[in-house]
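Visitor: Give me a 3D structure for the following:
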Amino acid sequence: MVANKIYKTQELVLQVRKSFDPAKLQLAKWERFINMLCGDRDYQKEAIKSAIIYMASGNYNSIENLVQENARFNFNISSRYHSIEEYYRKTQLPNKLSGTLDLATGTGKSFAIYGISQIALGLGIVDKVLVLCPSVTIREELTKKYIELTTDKRLLDTIPDEAHSRNPRIINSNETIKPGDICVTNIHAVYASNSSSIIDSLGFGKGEQCLVLSDEVHHVYNKPEGNSDESKGIKKWKEFLLDASFGFRYLLGFTGTAYIENDYFNDVIYRYSLNKATEERFIKKIDYVQKDESSGEHERFQKILQNHRNNSEKYPAIKPLTILVTRDIKEAKRLHTRLVEFLAERGEGSEEYISKNKVLTVTSHSDHKINLLKLPYVDTDKTTEWIISVAMLTEGWDVKNVFQIVPMEERAFNSKLLIAQVLGRGLRLPLAYPQARVIVFNHDSWSTKIQVLINEILEIEQRLRNSVILMGERSKFNFLLHNIKYDKQPVTIENSKNKESKTFNYKGYVELTSETFEHDTETTYVSIDGNLMPVTYKIEKPKEPIDKLINKIIYEFETRDWEGKTLKLEEHEYTTNNLPPREEIESLIRRSMQRVGIEGDYLGTKNYNAVLSTFNTLLRQSNVSKVYTKVPNNIITISTESREHESISILSLRQNSTIFLYRQISRRNCLRRYSA
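Guide: Residues are numbered from 1 along each chain as shown. Just a heads-up that it's a prediction; the model follows:
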């Protein structure tokens, strides 16, 4: 294997040659339009020009031409794969004028999409534009924005008089797509039975004169999760783009998360990074947790609520939002219940009011579809403060008031793709606060991994790579490996003995520990530029009323199968038909509290459970249990030649990673080990 250094992500971007024949492409006439559309956002202007030059200059016939040109002067491009042919094979949309524009979320990629659409129609590169979105939410937002742009008189006045199309219609896929139209639709509608306009308008090779622009194109390149209608449509997205019956030639994608899990796209033709957008203050700055000693969800909820309230004080002119991200719909529903109960305990209103007004859960489930209609208005409505979302459904929220993001599980935050997606929900700047920051309240055990991934996203990371040698003398040392495939089979075994009910050992009290219900704790945040910010929180420990504890004990007594065993309190004997009175149970608990100096009518979680376990006799287990054993099946043979290349970030060496470097010195093979 051979190790190479891979540099900044920016150096993996395919550079579009800026020189072209102005007689073939009269782009200069569109300068006024581009300046009016983009204002002071120069990166949008550069993105639009790069895309138009790529498609219309005549310098390139396909993505392969662009790759080949870049490979001649960019070592990172030429060495990314074993060969240029492998690079071509890894290209998602080959043999087309295809490519991706990577614009950090919150930097207005929708304006770039519109600018490219209008200029492509105006120059006559194509006669139709199809904009594909992963969801109805994004489609509606784009449609609304593009209708506003097509009716903006100042913008219309900048379009050259000789343009083939000066004022395109903005339609959806229910209408026939005519020359000069921009059709905005979600990908699922393309396959709907009543959406025949796509086939009628673009089928039978007519797609060659259509520019297809895929918003949030990472959905096309990554395997979608779930079985919702949106997920099913997304699974067919790439198939649609490559369908020979349409004959699409111009295929551009747009995303702020240009990753297939942790690998950067290999067809990016323009990049405006998160790091640059933060430095130039087009998006919020990011702070995430480096160290946190929260003892459980109840304590984390308190810190999250205090952050939320602090944001309300820090940004009084607007209503701050907090987004909580879960791994799936099932967990989103559970989180909704837990969060509502917690907020009610903290005086944020009744559970019914909070559930209906303050907490908005957004998933593809039918129970939540009505909430999708509320998303465009969450910045300005008077009540919504908390949004629960599934990780895969986080795009398309054009909101600026998000100041805290909470990934609830590591799975929602464990790759560059997911981190970029989740961060993207809170990056848009509100006009009133151009210096605003967003807090990511992650679990501190993920902080090292987050540091590595964020650094790579922010272009400040270097990587080492190895790959199999396929040529030369050392390629002869490749070999075959044989492995046995195992299946799991269930086996039932008998337990050696059952747990039986035990007699209560009466001491006149329960062993409790002294406790307080409030303490200060510190959480340390780190900004993306490395600054540490400790924050002190006043935390109330979870506590339960004694009345609730007594009720639970009595309920357990009433429902337990005693099997003739007895519970002895003082000199009395109690059975199912003769239970201890409430007063006697309370007296025992009060005596136990007095022994360790606990006053009042509450117990903390640890002491609450101690009382329960003391009263709770052990019930019988099943006589049998089921375990799984491995059974050999067939033998699998693979060759080391088929092993794909691997890469590792230098920062990862601080964790549990090791590099082996092979050298040949004076005819001897020397293996040197490098580890962190």
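Visitor: Pull out the buried positions in stretch 91-106.
Guide: The neighbour-count check on stretch 91-106 (16 or more other C-beta atoms under 10 Å) flags 91-93, 96-106 as buried. (Each C-beta comes from the backbone N, C-alpha and C, glycine too.)
Visitor: chain center to it, what's the gap?
Guide: Taking C-alpha atoms, centre = their mean, to the nearest Å, one finds the center of stretch 91-106 at 20 Å from the center of the full chain.
Visitor: so for that stretch, what's the average pLDDT?
Guide: Averaging pLDDT along stretch 91-106 gives 94.
Visitor: And the residue nearest to Phe615 when sequence neighbours are not counted, how far from Asp127?
Guide: Nearest non-adjacent residue to Phe615, counting by C-beta to C-beta, 6 or more residues apart in numbering: Ile553, 5.1 Å away. Distance, Ile553 to Asp127, using C-beta to C-beta, to the nearest Å: 78 Å.
Visitor: now do Ile598
Guide: Applying C-beta to C-beta to Ile598 and Asp127 gives a distance of 79 Å.
Visitor: who has more neighbours, Ile553 and Asp127?
Guide: Ile553 (22 against 18; other C-beta atoms under 10 Å).
Visitor: wait, that one sits on Leu612?
Guide: Yes: using C-beta atoms under 8 Å, Ile553 is in contact with Leu612, at 7.1 Å.
Visitor: number of nearby residues for Ala112?
Guide: Neighbours of Ala112 using other C-beta under 10 Å come to 28.
Visitor: and it, which of the three is it?
Guide: helix (DSSP: H, G, I helix; E, B strand; the rest coil).
Visitor: Can you give me the pLDDT of it?
Guide: Here, the pLDDT recorded for Ala112 equals 97.
Visitor: excluding its backbone neighbours, what's nearest it?
Guide: Per C-beta to C-beta, 6+ apart, closest to Ala112 is Ala47, 4.7 Å.
Visitor: residues in contact with that neighbour?
Guide: Leu101, Leu103, Lys109, Ala112, Tyr270, Tyr272 (C-beta atoms under 8 Å, 6 or more residues apart in numbering).
Visitor: Next, please give the residue ranges for the helices of the stretch 401-550 of the chain.
Guide: Listed in chain order, the helices of the stretch 401-550 of the chain (DSSP state H, counting those that start in this stretch) span 416-424, 447-457, 546-559.
Visitor: In terms of mean pLDDT, which of those ranks lowest?
Guide: Minimum mean pLDDT among the helices of the stretch 401-550 of the chain: helix 447-457, a mean of 63.
Visitor: helices and strands of this structure: which one bottoms out on pLDDT?
Guide: Taking mean pLDDT, DSSP states H and E as the measure, the chain has strand 668-675 as its least confident helix or strand, at a mean of 37.
Visitor: tell me the contacts of Glu408?
Guide: Quick fix: residue 408 reads Met, not Glu. Contacts of Met408 by C-beta under 8 Å, 6+ apart are Leu324, Val325, Thr326, Arg327, Glu331, Leu335.
Visitor: Now tell me what touches stretch 14-26 from outside.
Guide: For stretch 14-26, using C-beta under 8 Å, 6+ apart, the contacting residues are 28, 50, 52-54, 56-59, 66-67, 69-70, 74, 77, 99, 123, 267-270.
Visitor: got the end-to-end distance for that stretch?
Guide: 23 Å (C-alpha to C-alpha, to the nearest Å).
Visitor: Many thanks, we can stop here.
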